[in-house]
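> sequence first, then the predicted structure:
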Amino acid sequence: QRPSYDFENSDKIRLFYNHIQQNFANRITLDDVSRLLNMSKVSFNRFIKKTTNLTFIEYLNEVRIENASRLLVEQDFTISEIAFSCGFNNMANFNRVFKKIKGLTPSKYRKEFAGITNVL
């Protein structure tokens, strides 16, 4: 469950969210994001954990995997093309993170859900 955002930090949350949505396919570091929000890395880590219940890397991976999931079902790109286009530069890491978040490998996910979109 996601905690409700407090008003005082809503601008920082919006800035962070927009930055991740627009740049998830690129290399994003903790330094980059903490600098963007004008926070120390320690403060930013605390802030993001409190805001999302996830670490920065967990949040970034969730965004990347959600986008990869959509592409796996809607597009005919290879799994490696999708992984790289969503910011993963290593297939083993992509497969491991994908399975951890979705409970299936990317190829099983594609097989299972591609059929659903074809029926709809």
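Nice, I can see it.
> check which element follows the longest helix along the chain along the chain.
Counting residues, the longest helix found in the chain (DSSP state H) is helix 56-74. Using DSSP states H and E, the helix or strand that follows helix 56-74 in sequence is helix 79-85.
> buried sites along the helix or strand just after that next one?
Following helix 79-85 in sequence order, the next helix or strand is helix 91-102 (DSSP H and E). For helix 91-102, the neighbour count (16 or more other CB atoms under 10 Å) marks Phe94, Asn95, Val97, Phe98, Ile101, Lys102 as buried. C-beta here means a position set from N, CA and C on the backbone, and glycine is covered the same way.
> could you find the closest non-adjacent residue to the last one?
Meaning Lys102. Closest residue in space to Lys102, ignoring its immediate chain neighbours: Tyr109 at 5.6 Å, by CB to CB, 6 or more residues apart in numbering.
> quick check, nearest of the buried residues of helix 91-102 to Gln21?
Ile101 (17.2 Å; CB to CB).
> so that closest one touches Val63, yeah?
No - counting by CB atoms under 8 Å, Ile101 does not reach Val63; the two are 10.5 Å apart.
> pLDDT score for the residue nearest to Lys102?
pLDDT, Tyr109: 96.
> count of neighbours near it?
20 (other CB atoms under 10 Å).
> helix or strand for it, just tell me which one.
Assigned by DSSP H and E, Tyr109 falls within helix 106-119.
> ok, now Lys12?
Using DSSP H and E, Lys12 sits in helix 10-23.
> tell me who's in contact with the residue nearest to Lys102.
Contact analysis of Tyr109 by CB atoms under 8 Å, 6 or more residues apart in numbering lists Ser69, Leu72, Val73, Phe98, Lys102.
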